[in-house]
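Participant: What follows is a predicted protein model with its sequence.
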Amino acid sequence: MATDSGDVLTRVENEQADYLEELKDYLRIPSISTDPGYADEVGRCAQFVNEKLAGAGLAAELLDTDRYPLVYAEWLGAEGKPTLLFYGHYDVQPPDPLEEWRNPPFEPTVEGDLLVARGATDDKGQSFAHIKAVAAILAERGELPVNVKFLIEGEEESGGESIETFVRSDGGGKLACDAVVVSDSSMYAPGQPSLLYGLKGLAYMELRVDGPNRDLHSGTFGGAVANPANALAHIVSRLLDSETGKVMIPGFYDAVVELEDWERKAFAQLPHDEKAYCAELGLEQTFGEDGYSTLERAWARPTCDVNGIFGGYQGEGAKTVLPAWAGAKVSMRLVPNQDPETVARLFTEHVQAVAPPGVRVTVKPNHGAAAVLVDAKGPIVEAAMAAQEDVWGKRPVLIREGGSIPIVGTFAEVLSVPILLMGFGLSDDRLHSPNEKFNISHFYNGIRTTVRLLDRAADA
């Protein structure tokens, strides 16, 4: 029988307002890892996390890397009990476009049950729930029911190379554990907890099309010189079939693992309102690969999307030029068995093959990660699902997710333990978009769920 968590949950109830203020302080730090101009702020954020873990009663330290420090902490006083490793990231996406925010992105704003700020759900709010749960148990009891470790990185939004290097070099030494807990995802629906068993991989590419050695007058040179922006549009139009939704890169689907029958049946049984889905996004209809439902496309089919396209004059009014160059950023979300390096090579070959004459095309792979499928079975997995049911009042559903958490696949490969992908966010949290939010009630329930998980895991 799992330990009764009533003592700690009462403390959480009494102190939750203080936890929220701490989270606001965390969110005020603009830890944008992809922009070198924010390097000092990213470092300051790492120090903030380190101090919170140390203040909770764990042995905490900053681990230097070639870029931003990893925050590591541990409490290993529960002899003979399982060890859980909590993962999170303290870096955030850039807040652009700033004009679309209702309030400054790094000044957390309470709007009813919503806390609006960059990083609120991705991933400061979700992973901070783990820290406050451990802190509450130690403050109430002076000890934990299981052993815990934390590894929190500052580069998840910019490639995650440092943690990848560390985990592989550590090889399960410092990080040895019985399960990894990750809260950096969404519940299936409000009030419906979920346990993720699949994440997509990623191959992120940048391409640049160069033409003349300077911008040219579009009247004098138009029709005589290849326009890099036109050439880029031609290349982009050859990436995805606008009628079938199929990626047009030769060999792209060769390694794709098809959905199993049980998965398609399980997805079909989940409540999904297509009209409400479109309405929330301001769309008339969905679009995607023929032969698959919206959930199947989002969770388990590979994709190719232009994330940004640029070049030429973009100011007010008219400037009649042929731009000297144009560029685009493209991400491909991958499914099991698709190798990011292979896909990057296929993409590069395809782009070069379809490029029109008169321009030079450069393709640069940015970063990638393999897709992950985890085995959602075993006593610790059952403890996690029971903990979610304790708090949310419903049995969690098993789902996949279209996003990528690059280090999860590495954890699974190197540590060979269950990965508990237990998110507290919602799909409408606007992560990576203006007005990102996290439900305050979900922050508190995330703390309660983590408390119950630790108590239940002691008997796993």
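Facilitator: Perfect, I can see it now.
Participant: Report the contact partners of the nearest residue to residue 123 once chain neighbours are set aside.
Facilitator: Once flanking residues are discounted, residue 123 sits nearest to residue 184: 4.4 Å by C-beta to C-beta, 6 or more residues apart in numbering. Every residue, glycine included, has its C-beta placed from N, CA and C. Neighbour list for residue 184: 87, 88, 89, 122, 123, 126, 127, 156, 405, 423 [criterion: C-beta atoms under 8 Å, 6 or more residues apart in numbering].
Participant: give me every residue that touches residue 381.
Facilitator: 179, 195, 418, 420.
Participant: 10 Å instead?
Facilitator: Counting by C-beta atoms under 10 Å, 6 or more residues apart in numbering, residue 381 touches 179, 195, 197, 374, 375, 418, 419, 420, 422, 460.
Participant: how much space between the last one and residue 182?
Facilitator: Per C-beta to C-beta, to the nearest Å, residue 460 is found 17 Å from residue 182.
Participant: And the two? Which one has more around it.
Facilitator: residue 182 (25 against 20; other C-beta atoms under 10 Å).
Participant: Do I have it right that the more buried one meets residue 408?
Facilitator: Yes - between residue 182 and residue 408 there is a contact under C-beta atoms under 10 Å: 6.3 Å.
Participant: before we move on, back to that, closest one of the contacts of residue 184 to residue 281?
Facilitator: residue 122 (18.1 Å; C-beta to C-beta).
Participant: Pretty sure the closest one sits in a helix.
Facilitator: Yes - membership of residue 122 in a helix is supported by DSSP: H, G, I helix; E, B strand; the rest coil.
Participant: shouldn't it be in contact with residue 31?
Facilitator: No - assessed by C-beta under 10 Å, residue 122 is found out of contact with residue 31, at 11.8 Å.
Participant: which residues are common contacts for the two?
Facilitator: What both residue 122 and residue 31 touch, as defined by C-beta under 10 Å, 6+ apart, is the set 89, 91, 92, 157.
Participant: which residues touch the closest residue in space to the third one that isn't next to it in sequence?
Facilitator: Yep, that's residue 92 we're talking about. Distances taken as C-beta to C-beta, 6+ apart place residue 119 nearest to residue 92, at 3.8 Å, with adjacent residues excluded. The contact partners of residue 119, by C-beta under 10 Å, 6+ apart, come to 23, 26-32, 45, 89-93, 95, 105-106, 108, 125-126, 128, 157, 431, 436, 438.
Participant: in stretch 402-414, what's buried?
Facilitator: 402, 403, 404, 405, 406, 407, 408, 409, 410, 411, 412, 414 (16 or more other C-beta atoms under 10 Å).
Participant: got it, and stretch 155-163?
Facilitator: Buried residues in stretch 155-163 (16+ other C-beta under 10 Å): 155, 156, 157, 158, 159, 160, 162, 163.
Participant: ends of that stretch, how far apart?
Facilitator: Distances were taken as C-alpha to C-alpha, to the nearest Å; on that basis the terminal residues of stretch 155-163 are 8 Å apart.
Participant: what's around residue 350, how many residues?
Facilitator: Neighbours of residue 350 (other C-beta under 10 Å): 20.
Participant: Please state the backbone phi and psi of it?
Facilitator: As for residue 350, its main-chain torsions (degrees, to the nearest 10) stand at phi -70, psi -50.
Participant: looking at it, residue 131 is touching residue 19, isn't it?
Facilitator: Yes - at 9.4 Å, residue 131 counts as touching residue 19 under the criterion of C-beta under 10 Å.
Participant: Show me the contacts of residue 184 that map onto helices.
Facilitator: Within the contacts of residue 184, residues falling in helices by DSSP state H are 126, 127.
Participant: Greatest separation within the shared contacts of residue 122 and residue 31: which pair is it?
Facilitator: 89 and 92 (8.5 Å).
Participant: Mind checking which of those two has more residues around it?
Facilitator: Neighbour tally, residue 89 and residue 92, criterion other C-beta under 10 Å: the higher count belongs to residue 92, 32 against 29.
Participant: The more buried one contacts residue 127, correct?
Facilitator: No - applying C-beta under 10 Å as the test, residue 92 and residue 127 come out as separate, 11.8 Å apart.
Participant: State the distance spanning the first to the last residue of stretch 248-258.
Facilitator: Stretch 248-258: ends 18 Å apart by C-alpha to C-alpha.
Participant: what comes up buried for the single longest helix found in the chain?
Facilitator: Longest helix of the chain, by residue count under DSSP H: helix 6-27. Neighbour counts over helix 6-27 (16+ other C-beta under 10 Å) mark 8-9, 11-12, 15-16, 19-20, 22-24, 26-27 as buried.
Participant: Kindly report the same for stretch 99-115.
Facilitator: Going by 16+ other C-beta under 10 Å, stretch 99-115 has these buried residues: 101, 105, 106, 108, 109, 114, 115.
Participant: neighbouring contacts of it?
Facilitator: Under C-beta under 10 Å, 6+ apart, the answer for stretch 99-115 is 20-21, 23-32, 41, 92-96, 98, 116-121, 124-125, 429, 433-443.
Participant: 8 Å - rerun?
Facilitator: Stretch 99-115 has contacts (C-beta under 8 Å, 6+ apart) with 20, 23-24, 27-30, 95, 98, 116-118, 120, 125, 434-441, 443.
Participant: Repeat that for stretch 225-233.
Facilitator: 207, 209-212, 216, 309, 311-312, 322-328, 355-359, 361.
Participant: Pick out the most distant pair among the buried residues of stretch 99-115.
Facilitator: 106 and 114 (16.2 Å).
Participant: State the pLDDT value of the closest residue to residue 178 other than its chain neighbours.
Facilitator: Distance criterion C-beta to C-beta, 6+ apart; nearest residue to residue 178, sequence neighbours excluded, is residue 82 at 4.1 Å. Looking at residue 82, its pLDDT reads 98.
Participant: Just to check, residue 82 is in contact with residue 147?
Facilitator: Yes - if you go by C-beta atoms under 8 Å, residue 82 and residue 147 touch, sitting 7.0 Å apart.
Participant: any idea which element the residue of the chain most remote from its centre lies in?
Facilitator: When distances are taken from the C-alpha mean of the chain, residue 220 lies farthest, 47.8 Å away, according to C-alpha atoms, centre = their mean. Assigned by DSSP states H and E, residue 220 falls within no helix or strand.
Participant: Let me know the distance separating it from residue 226.
Facilitator: Residue 220 is 15 Å from residue 226, where distance means C-beta to C-beta.
Participant: cool, and residue 120?
Facilitator: Counting by C-beta to C-beta - residue 120 and residue 226 are separated by 46 Å.
Participant: again with residue 336
Facilitator: Applying C-beta to C-beta to residue 336 and residue 226 gives a distance of 40 Å.
Participant: swap in residue 144?
Facilitator: Per C-beta to C-beta, residue 144 is found 65 Å from residue 226.
Participant: okay, these two: which has more neighbours?
Facilitator: residue 144 (22 against 16).
Participant: Pull out the buried residues from the one helix or strand residue 230 maps to.
Facilitator: For residue 230, the host element (DSSP H and E) is helix 228-237. Within helix 228-237, the residues scored as buried using 16+ other C-beta under 10 Å are 228, 229, 230, 231, 232, 235, 236.
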